[in-house]
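Chemist: got a structure for you, letters missing:
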């Protein structure tokens, strides 16, 4: 199940159980609810339906990563920075793990709920207004850090 991203902080496969459960609010954006098949996690995610059409019953592989650099590419600078591997819209620079996925968003982890007395936590991220919540055991999300930028990668 390895993504190839050397900075992966979470990955699993999710089965989409519902889309727009609370009603559709925007023309080109839907929200799906899904449950993971390996780690018993629940995911709610806003996504652009024109760029990435999905249906109830679809299975998607989800990766959260702090960088798009591929594992083992050896192209980090002396300071460990991956600037040469960063995704660029003009196609310049090295291609990263995003090439292996159908849908990629960049955002920020902005909130954690739970975890002080409960094993179950929820992590929230915003991707330019498209929101994600991921709920499950804190053990599976221990590498996700509040305030960190994050890439979300999906593929069917």
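Modeler: Okay, I see it. Just so you know, these numbers come straight off a predicted model, no measurement behind them. Numbers count the residues shown, from 1 in each chain.

Chemist: From one end of stretch 23-33 to the other, what's the distance?
Modeler: Using Cα to Cα, to the nearest Å, one end of stretch 23-33 lies 13 Å from the other.

Chemist: What of stretch 46-57?
Modeler: Stretch 46-57 end-to-end distance (Cα to Cα) = 17 Å.

Chemist: Not counting it itself, show me its contacts.
Modeler: Contact partners of stretch 46-57, identified using Cβ atoms under 8 Å, 6 or more residues apart in numbering, comprise 15-19, 28-32, 60, 102-103, 127, 129-132, 154. C-betas here are computed from N, CA, C, even on glycine.

Chemist: Cross those against strands and list the overlap.
Modeler: Here DSSP state E is the test, and those give 15-19, 29-32, 60, 103, 127, 130-132, 154 as lying in strands.

Chemist: For stretch 9-18, buried residues please.
Modeler: Going by neighbour count (16 or more other Cβ atoms under 10 Å), the buried part of stretch 9-18 is 9, 10, 11, 12, 14, 16.

Chemist: Please apply the same query to stretch 136-155.
Modeler: 136, 138, 140, 141, 144, 150, 151, 152, 153, 154, 155.

Chemist: again with stretch 27-34
Modeler: Judged by neighbour count (16+ other Cβ under 10 Å), stretch 27-34 contains these buried residues: 30, 31, 32, 33, 34.

Chemist: now swap in stretch 96-103 and tell me
Modeler: Neighbour-count burial for stretch 96-103 flags 96, 97, 98, 101, 103 (criterion: 16+ other Cβ under 10 Å).

Chemist: Using a markdown table, lay out these together with pLDDT and distance to residue 68.
Modeler: Output for those, formatted as a markdown table (pLDDT from 0 to 100; distance: Cβ to Cβ, whole Å):
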| residue | pLDDT | distance to residue 68 |
| --- | --- | --- |
| 96 | 82 | 3 |
| 97 | 86 | 5 |
| 98 | 88 | 5 |
| 101 | 94 | 10 |
| 103 | 96 | 13 |
